[in-house]
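A.B. asks: Dropping a prediction and its sequence here:
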Amino acid sequence: MAFSHNDRFLLSVSRDRTWVLSRQQQATQSHSWRYEICTRSDKKNGHSRIVWCCAWTPDDVYFATGSRDKTVCVHNVKEENGQVLVELLHRLTFDEPITALDLTLKFTDHTRYLLVVGIEDGHVAVHSFDRAGTEEPAHLLTLPDKHHKAVNRIRFQPFLGEGVIHPSVLVATCGADCAVKIFKLSTA
């Protein structure tokens, strides 16, 4: 599960090959936080195997899901006239099942997103796509120091905001091999 950064949405993924998006509702006296399902994927157009992981971009425009079917799906989220619309923008295919992922804005200029994907064989791949979502995600690199078993979690360091530009960003991974690895991604 993953909350959007603005707390408006809660995204959950499931063994039944689907994701569910819930929207925060007005607080009542008996419930300080209440989320109701606003949309969900269907089994025909989504993943074909269990969905293991999900994450949001820092600006909550996109979310990604990763699955045992060896794909990552990137979805665009829009609210129009009180309706939540979700569109599948990109489907990336890998050689092994996807077990973890995270998203952030590119640290040097914020014109692109970085998508880091953990794979069942222990590899960690870094992809990038434009903020408009018009370009197919590009593979930038596979991190050199792989885990010896499946990657369980991936997290970027906290995003510091639109106006903060850095020469690098840290990404942490942990695996079923009981190892935690921290990588520094930089332009140099």
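C.D. replies: Cool, got the structure.
A.B. asks: and the most centrally placed residue in the chain, bridged to which residues?
C.D. replies: The centroid of the chain falls nearest to residue 55 when counting by Cα atoms, centre = their mean (2.9 Å). Beta bridges link residue 55 to residue 64, judged by DSSP bridges.
A.B. asks: Tell me how far the least confident helix or strand in the chain by mean pLDDT lies from the chain's centre.
C.D. replies: Ranking every helix and strand in the chain by mean pLDDT, DSSP states H and E puts strand 35-40 at the bottom, with a mean of 88. Strand 35-40 sits 18 Å away from the centroid of its parent chain (Cα atoms, centre = their mean, to the nearest Å).
A.B. asks: give me the number of residues near the nearest residue to residue 66 once chain neighbours are set aside?
C.D. replies: Leaving aside its sequence neighbours, residue 66 sits nearest to residue 98 (Cβ to Cβ, 6 or more residues apart in numbering; 3.3 Å). In this view, the C-beta of every residue, glycine as well, is placed from N, C-alpha and C. By other Cβ atoms under 10 Å, the residues close to residue 98 number 30.
A.B. asks: Residue 98: what's it in contact with?
C.D. replies: The neighbours of residue 98, taking Cβ atoms under 8 Å, 6 or more residues apart in numbering as the test, are 52-53, 66-68, 70-72, 117-120.
A.B. asks: Which residues does it form beta bridges with?
C.D. replies: Beta-bridge partners for residue 98, by DSSP bridges, are residue 119.
A.B. asks: What subset of the contacts of residue 98 is buried?
C.D. replies: Among those, those buried by neighbour count (16 or more other Cβ atoms under 10 Å) are 52-53, 66-68, 70-72, 117-120.
A.B. asks: for stretch 87-100, how far is the first residue from the last?
C.D. replies: 21 Å (Cα to Cα, to the nearest Å).
A.B. asks: and if you look at stretch 13-32?
C.D. replies: End-to-end distance of stretch 13-32 (Cα to Cα): 24 Å.
A.B. asks: Only the buried residues of it, if you could.
C.D. replies: Using 16+ other Cβ under 10 Å as the test for burial, stretch 13-32 gives 13, 17-24.
A.B. asks: Likewise for stretch 115-130?
C.D. replies: 115-129.
A.B. asks: on that earlier part again, in contact with the residue nearest to the centre of the chain, which residues?
C.D. replies: Applying Cβ under 8 Å, 6+ apart to residue 55 gives the contacts 2, 63-64, 101-103.
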